[in-house]
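Asker: Predicted model and sequence follow; I will ask about them next.
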Amino acid sequence: MADYYDDKPRNVIPNWRSYSDTLNLSELDSVKTSKKKLVKYNLSEYINDFKQNKSTVYASELISAGVSNNQTLIAEVKEAAKFLLDAGESVNESQLKIANKIYNNQSIYEAPQVNTILPLTQFSEKNYHADIRMFKNLIKVNPYNAIPYVELSRCYATLGISDKSISAMKVALHLAPGNRFVLRSATRLFAHYDSPQEDHLSYVHYYLKKYARASKDPWILSAEISTANVLEKTSKNIKQAIELIDAKKYTPDSITELASSIGTIEFSHGSNKKAKKKFQTSLLSPNDNSLAQAEWISNYMSLDVDQSAYSSKKNFEAMALDLYYDDKYEDALDYTVKWFMDQPYSTRSVTHASRLISPLKGKNEKTDTLIQLLASGLISHPNEPIIINNLAYALALNGEPMKAMEYINNHKHHKMDSIQRTCFKATEGLAQFRLDKPDIGRKLYQEAISDAKKDDEKVLNWKAILNLAREEFLAGSNESAYMMEIVEKIPDTELEVKNLKKEIIDLYNPNEK
């Protein structure tokens, strides 16, 4: 067809990375006051648990609490670190590295080149299966350490094995329900798998409500408020969060996601002035999540987001969006690939890549990368209609209509909603045109155009018309002049429609470029 992009509202749901990456992004740091003092939490509960139960699980909990609260120099934390080192292979490698640095009075932060990432060609299911075996072995030796369960869950989610991913995360929540890393990772996973059939978000929201108010941790507060918003509920922590932000007690980096969450709530309630103020606060020292949220919201309200002014680590999503809106499509694809490699379990990067299909058409190397990215997205979402449709669309435009038809025929009888079925019908029309069967292609496009109109899907209707017009022009059809009259009446209100319309006009009037 019609490449299809479902631009659902974005919320400040935490991003989910490995334990070591999360640590090095400072998202497990203790909360800092505006006077650069650390908010010291009492570790006595963790210390007592470790003393009474000398095991790796309690040692891990103690050093995790020590790291999160910048209390790694106290004797009990060092003792726990030594305990983990002595346990050796029964402990997660990331935790062993941290324990070693704590015990030897070294900085726990490696300061890696976090804005570099593996190329798409190195995305391999084999690597994730190897990691699964490794984390399973760790769990066998130490079944009460929550971190390997979270890491195992992430591997399963990337491979699209939802039941095992959810099961592993539930075990982690049971073992360490108040752990910031576990809670935020669980929030992202359960948001990922939430559906009308499985209310996973309510499950994790129970834990978030329980620990957000008790801990007063802005990172958990943000996750709770955003989750409540997705559930269309009003969080009871909003007042406390606003007071915390307005008091300016904590440093901007400690509250960036919290301010962004409140800004999103204010925006959804139509309070753009209040929303803008909170987003500006979130941008004082943003992380990749709050920066991406600001970039997304800037399309719906007046908010100046100059990406060049920030050096947030792993800000791939924000850059992919920014470059796309600036018509820098090749650079946008590069960042979209990095976004996918950073969060390979998510559909957002893959569906965003679909917006680049038409702009990058004919640029062989980039088109090949785009097709590979869409195909990689099917690993974690093998039956996702939007990804399958858009992959088939890209293949047909790239001169591979037979491959496109293979994907269409293998999936067009699967359960789909009316919009998805309309997209499949139109994409099949494109493939038929490219297989020199214009009569079949035209019929399919006309059905798709009619279906989109019935569903009041204006953008989908316009895209189908524009794609049909292009195919009629390329086929030298007698319908070209008539189609051009229709094309000129299509409004330029949507960026994808505007770009596609320009392509059709240039194709029809090559001497007027």
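Answerer: Cool, got the structure. No experiment lies behind these values; they were computed from the predicted model shown.

Asker: how far away is residue 493 from residue 462?
Answerer: 9 Å (CB to CB, to the nearest Å). For the C-beta atoms, the positions are set from N, CA and C on the backbone; glycine is no exception.

Asker: Show me which of those two is the more surrounded one.
Answerer: Comparing residue 493 with residue 462 by other CB atoms under 10 Å, the one with more neighbours is residue 462, at 25 against 10.

Asker: Report the contact partners of the more buried one.
Answerer: 490, 491, 494, 497 (CB atoms under 8 Å, 6 or more residues apart in numbering).

Asker: And residue 497, by the same measure?
Answerer: Per CB under 8 Å, 6+ apart, neighbours of residue 497: 459, 462, 463, 466, 490, 491.

Asker: Quick check: buried residues in the host helix or strand of it?
Answerer: Using DSSP states H and E, residue 497 sits within helix 495-508. Neighbour counts over helix 495-508 (16 or more other CB atoms under 10 Å) mark 496, 497, 499, 500, 501, 503, 504, 505, 508 as buried.

Asker: What is the neighbour count of residue 197?
Answerer: Here the count is done by other CB under 10 Å, and residue 197 has 6 residues near it.

Asker: Excluding chain neighbours, what is closest to residue 399?
Answerer: Distances taken as CB to CB, 6 or more residues apart in numbering put residue 434 closest to residue 399, at 7.4 Å, once the chain neighbours are dropped.

Asker: which SS state does residue 383 fall under?
Answerer: Following DSSP: H, G, I helix; E, B strand; the rest coil, we place residue 383 in the coil state.

Asker: How much space separates it from residue 407?
Answerer: Taking CB to CB, one finds residue 383 at 11 Å from residue 407.

Asker: related to what we said a few turns ago, ok, the buried residues of helix 495-508 vs residue 420, which is closest?
Answerer: residue 496 (17.4 Å; CB to CB).

Asker: What are the phi and psi values at the spatially closest residue to the closest one that is not a sequence neighbour?
Answerer: In this structure, residue 496 finds its nearest non-sequential neighbour in residue 355, 6.0 Å apart by CB to CB, 6+ apart. When read as degrees, to the nearest 10, the backbone of residue 355 gives phi -70, psi -10.

Asker: Next: residue 248.
Answerer: Here is the backbone geometry of residue 248 (degrees, to the nearest 10): phi 50, psi 40.

Asker: Can I get stretch 469-477 as CSV, trimmed to CA atoms?
Answerer: What follows is stretch 469-477, C-alpha atoms only, in CSV (Å, rounded to 0.1, in the frame of the first residue of the first chain):
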residue,chain,number,x,y,z
ALA,A,469,-1.7,6.9,-8.6
ARG,A,470,2.0,6.1,-8.6
GLU,A,471,1.5,2.6,-9.9
GLU,A,472,-0.9,3.8,-12.7
PHE,A,473,1.7,6.4,-13.8
LEU,A,474,4.5,3.8,-13.9
ALA,A,475,2.2,1.3,-15.8
GLY,A,476,1.5,4.0,-18.4
SER,A,477,-2.2,3.7,-17.6
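
Asker: Name the residues of it that are buried.
Answerer: Quick answer for stretch 469-477 (16+ other CB under 10 Å): 469, 470, 471, 472, 473, 475, 477.

Asker: still on that earlier bit, from what I see, the residue nearest to residue 496 and residue 324 are in contact.
Answerer: Yes - counting by CB atoms under 8 Å, residue 324 is a contact partner of residue 355 at 6.4 Å.

Asker: who touches the helix or strand bottoming out on mean pLDDT in the chain?
Answerer: Of all helical and strand segments in the chain, the minimum by mean pLDDT, DSSP states H and E falls on helix 56-68, at a mean of 75. The contact list for helix 56-68, computed with CB under 8 Å, 6+ apart, reads 23, 28-30, 41, 43, 46-47, 49-50, 71-72, 74, 76-77, 80-81, 83-84, 87, 90-91, 95, 98-99, 102, 108, 142, 144-147, 175-176, 179-181.

Asker: Does residue 413 fall in a helix, a strand, or a coil region?
Answerer: Going by three-state DSSP: residue 413 is coil.

Asker: Tell me where the model's unsure across the protein.
Answerer: Filtered on pLDDT under 70, the chain yields the residue ranges 1-7, 30-42, 67-70, 89-90, 92, 107-118, 510-513.

Asker: Show the subsequent helix or strand relative to the strand or helix carrying residue 440.
Answerer: Element membership of residue 440, judged by DSSP H and E, is helix 438-454. Following helix 438-454 in sequence order, the next helix or strand is helix 458-474 (DSSP H and E).

Asker: Next, the angle helix 438-454 makes with that following helix.
Answerer: Put simply, helix 458-474 runs at 160 degrees to helix 438-454, going by axes from the mean of the first three to the mean of the last three CA atoms, to 10 degrees.

Asker: Could you report the separation of residue 149 from residue 65?
Answerer: In terms of CB to CB, residue 149 sits 18 Å off from residue 65.

Asker: coming back round to it: neighbours of the residue nearest to residue 496, how many?
Answerer: For residue 355, the count of nearby residues is 23 (other CB under 10 Å).

Asker: ok, now residue 299?
Answerer: 11.

Asker: Verify the stated contact: it with residue 324.
Answerer: No - using CB under 8 Å, residue 299 makes no contact with residue 324, being 10.8 Å away.

Asker: Verify the contact between residue 183 and residue 205 for me.
Answerer: No - using CB under 8 Å, residue 183 is not in contact with residue 205; the gap is 10.8 Å.

Asker: Summarise which helices and strands the helix holding residue 440 is packed against.
Answerer: helix 418-434, helix 458-474 (3 or more CB pairs under 8 Å, 6 or more residues apart in numbering; DSSP states H and E).

Asker: Quick one: these as TSV, columns for distance to residue 169 too.
Answerer: Formatted as TSV, the helices and strands packed on helix 438-454 follow (distance: least, CB to CB, whole Å):
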stretch	distance to residue 169
helix 418-434	28
helix 458-474	35
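
Asker: out of the ones you listed, nearest to residue 217?
Answerer: helix 418-434 (39.9 Å).

Asker: Run the angle between the closest one and helix 458-474 for me.
Answerer: Using the same axes, to 10 degrees, helix 418-434 lies at 10 degrees relative to helix 458-474.

Asker: Contacts made by helix 418-434 with the rest, please.
Answerer: 1-2, 4, 385-386, 389, 392-393, 396-397, 399, 401, 404-405, 408, 411-412, 416, 438, 440-445, 447-449, 451-452, 455, 457, 460, 463-464, 467-468, 471, 474-475.

Asker: hmm, back to that, show the buried residues in the contacts of helix 56-68.
Answerer: Buried members of the contacts of helix 56-68, counted by 16+ other CB under 10 Å: 23, 28-30, 41, 43, 46-47, 50, 71-72, 76-77, 80-81, 83-84, 87, 90-91, 95, 98-99, 102, 108, 142, 144-147, 175-176, 179-181.

Asker: burial of residue 104, as a residue count?
Answerer: Residue 104 has 10 neighbours, counted by other CB under 10 Å.

Asker: Correction: the previous question concerned residue 136.
Answerer: 13.

Asker: dump the residue contacts of it.
Answerer: Residue 136 touches residue 152, counting by CB under 8 Å, 6+ apart.

Asker: State the distance from it to residue 143.
Answerer: 11 Å.

Asker: what do you get for residue 438?
Answerer: Residue 438 is 63 Å from residue 143, by CB to CB.

Asker: more neighbours, those two?
Answerer: Each of residue 438 and residue 143 has its neighbours counted (other CB under 10 Å); residue 438 has more, 20 against 14.

Asker: how far away is that one from residue 432?
Answerer: When distance is defined by CB to CB, residue 438 is 8 Å away from residue 432.

Asker: what is in contact with the two at once?
Answerer: Counting by CB under 8 Å, 6+ apart, residue 438 and residue 432 have no common neighbour.

Asker: and the residue lying closest to residue 455 once chain neighbours are set aside, how many neighbours does it have?
Answerer: Nearest residue to residue 455, sequence neighbours excluded (CB to CB, 6+ apart): residue 418, at 5.5 Å. Neighbouring residues of residue 418 were enumerated by other CB under 10 Å; the total is 12.
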